[in-house]
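Undergrad: got a predicted structure plus its sequence, pasted below:
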Amino acid sequence: MTLQDQLIQDMKTAMKAKEQSRLTTIRFARSAIKNREIELGHPLEDDDVLRVLTTLVKQHKDSIEQYRQGGREDLVKKEEAGLRVLEAYLPQQLSEEEVRSMVAEAIAAVQATSVKEMGKVMKYIMPKLQGQADGKLVNQLVKEHFNS
């Protein structure tokens with residue numbers, strides 16, 4: 001079953017169970033996927049759907065941070081609920097130690113020697129970590145590696 005099929009099935013289940021928050025989040029995700037399909041001009045594969053969902057998760061996390069700074073706990077709870085729904089479709093997140101070892105491996109593979117070559121490292125590692133680690137964390141760990 002593809003990721004899109006899973007979203008459709010879960011959307012139907014949420015409708016029947018009258019889970020409005022879950023239904024709204026899934027509809028929003030399907031809308032973003034459809035917009036990306038229109039933009040590219042072809043149906044998306046699971047990897048592409050995963051990229052869209054990862055982007056949506058990042059947007060939810062950014063919104064949560066902004067709402068917290070603004071003191072809007074009601075909106076924080078709403079965004080966190082949506083975030084939990086979306087994260088269920090992403091692969092299992094890697095631990096910081098696993099990401100750290102993959103960063104060291106990537107740095108060795110591209111033979112990077114300084115922070116100036118960070119772009120090469122990120123370009124090499126991010127496709128391998130798609131949906132399994134946050135880009136900010138990877139970026140931070142690459143910097144730490146070069147600064148230590």
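TA: Ah, there it is.

Undergrad: and the next element down the chain from the strand or helix carrying Lys78?
TA: Assigned by DSSP states H and E, Lys78 falls within helix 73-87. With elements assigned by DSSP H and E, the helix or strand that comes after helix 73-87 is helix 96-110.

Undergrad: what about the residue nearest the centre of the chain, which SS state?
TA: Centroid-nearest residue in the chain, with CA atoms, centre = their mean: Thr54, separated by 2.3 Å. Per DSSP: H, G, I helix; E, B strand; the rest coil, the secondary structure class of Thr54 is helix.

Undergrad: that one and Gln130 touch, don't they?
TA: Yes - under the criterion of CB atoms under 8 Å, Thr54 makes contact with Gln130 at 7.0 Å. C-betas here are computed from N, CA, C, even on glycine.

Undergrad: buried stuff in the worst-scoring helix or strand of the chain on mean pLDDT?
TA: The helix or strand of the chain with the poorest confidence is helix 135-147; it has a mean of 84 (mean pLDDT, DSSP states H and E). For helix 135-147, burial by neighbour count (16 or more other CB atoms under 10 Å) applies to Leu137, Val138, Leu141, Val142, His145.

Undergrad: for it, give me every contacting residue.
TA: 58, 96, 99-100, 103-104, 107, 112, 114-115, 118, 121-122, 125-126, 129 (CB atoms under 8 Å, 6 or more residues apart in numbering).

Undergrad: and the buried ones among those, selectable in ChimeraX?
TA: Those of the contacts of helix 135-147 that count as buried under 16+ other CB under 10 Å are selected in ChimeraX with:
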select :99,100,103,107,112,118,121,122,125,129
